[in-house]
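> here you go, sequence then predicted model.
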Amino acid sequence: MNNHASIPVGVLGASGYVGQELLRLLHGHPDATVAFATAESAAGEWVDGHELTKADDAPWQQAEIILSALPHGVSARYVNEARAGGKRTVDLSADFRLSPDAVYGLTEFTRPRLADAELVANPGCYPTAALLALIPLAQLGLIDPSREVIIDAASGVTGAGRNPKRELLFGEVAEDYRAYAIGNTHRHLAELKQSLSREGGFTGDLVFTPHLLPVKRGILETIHVPLTRVLDQSTAEGLYSATYDAEPCVQVMHGALPSLKDVVYRNRVAIGVAEVADVRRPRLTVIAAIDNLVKGAAGQAIQNMNVMLGLPETAGLAC
């Protein structure tokens, strides 16, 4: 690889919120440039200085690596075509997250596997925050597998995509707050369980309930963790610091809890912990916050791309 040349990147699905975020971040990347950007119904429009073309008409040969922000169920076809054409790919849809053919792109824990990966499945936004909050405790055997881990997560409306939907209209969302996919039915649950088992060795039950926040971007997750032994706040913060102090895109907060303001427009997860009083068996509450469009999607994809290409991991990213 020529470290002095700008690496050409193809962006699929550039008219959606995540695709637009990819273009925004790549615009400021010191070592990469956009070779082409695609959209279907928006073909011919311009986004961030790039004219969008249909994927079937894109000059695939001009790109060294492909970032696919196409919808779930659509992305797989184009990712497979890119791979058949010899292109390394980061897929931001859910199509390959459970597949053994892809490296799961939770950068902080799968970094050694990324450098040689031909296909990286970028994690979902909710799982990114939850896994980074839970894996350190799981690896140390601190999560009690006989009790459920409760994950209450709330996301801004950009997490639902850009296609018009009545329930996402301003008049429906403003001044409201609601749960959805209740009863442990959200598609991210399988991804959460698989990755927590693989990276942390935990195979107990998770109860995951997402909520819709009346904001554009950001995710805040309140995670109630049953413990195998008592952990005071200082000890718990120390465990997270031991895991993440060398990680540029993880902020462990001491004596404070994160909010969306700590993470929006940043490729960062912020993590804070609190002891739980007046319970008969030990628990820890972990709060994790991310920007769903950055660390939860486009930023993490570029972080993974950087590792794949041997670039500085945070190139083009504000952590």
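Sure, I can see it. Numbering: from 1, shown residues only.

> where along the stretch 1-150 of the chain do the strands fall?
Taking DSSP state E, counting those that start in this stretch as the test, the strands found in the stretch 1-150 of the chain are 7-12, 32-38, 46-47, 50-53, 65-68, 88-91, 103-104, 119-121, 149-155.

> so where's the stretch 101-250 of the chain shaky on pLDDT?
Residue ranges of the stretch 101-250 of the chain with pLDDT under 70: 159-172.

> any chance of the strands of the stretch 1-150 of the chain in TSV, plus mean neighbour count and distance to residue 203?
The C-beta positions use only the backbone N, C-alpha and C, and glycine is treated the same way. What follows is those, written out as TSV (neighbours: other C-beta atoms under 10 Å; distance: least, C-beta to C-beta, whole Å):
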stretch	mean neighbour count	distance to residue 203
strand 7-12	24	35
strand 32-38	22	39
strand 46-47	14	43
strand 50-53	18	44
strand 65-68	27	31
strand 88-91	26	26
strand 103-104	24	17
strand 119-121	25	21
strand 149-155	22	11
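
> for those, which one sits closest to residue 260?
strand 149-155 (9.4 Å; C-beta to C-beta).

> so which of the strands of the stretch 1-150 of the chain gets nearest residue 97?
strand 119-121 (4.5 Å).

> strands paired with the closest one, and their directions?
strand 88-91 (parallel), strand 103-104 (parallel) (DSSP bridges).

> reformat the strands of the stretch 1-150 of the chain as a markdown table; add distance to residue 258.
Output for the strands of the stretch 1-150 of the chain, formatted as a markdown table (distance: least, C-beta to C-beta, whole Å):
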| stretch | distance to residue 258 |
| --- | --- |
| strand 7-12 | 30 |
| strand 32-38 | 29 |
| strand 46-47 | 31 |
| strand 50-53 | 34 |
| strand 65-68 | 27 |
| strand 88-91 | 26 |
| strand 103-104 | 24 |
| strand 119-121 | 26 |
| strand 149-155 | 13 |
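
> figure out which of the strands paired with strand 119-121 is closest to residue 82.
Short answer: strand 88-91, nearest of the strands paired with strand 119-121 by C-beta to C-beta, at 4.9 Å.

> let me know the average pLDDT across that closest one.
Mean per-residue pLDDT for strand 88-91: 98.

> same question, stretch 6-24
pLDDT averaged over stretch 6-24 gives 95.

> wait, what's in contact with the nearest residue to residue 68 once chain neighbours are set aside?
Spatial nearest neighbour of residue 68, chain neighbours left out: residue 12 (4.3 Å); criterion: C-beta to C-beta, 6 or more residues apart in numbering. Residues in contact with residue 12 (C-beta atoms under 8 Å, 6 or more residues apart in numbering) are 19, 38, 55, 58, 66-70, 75, 78.

> understood, closing this out.
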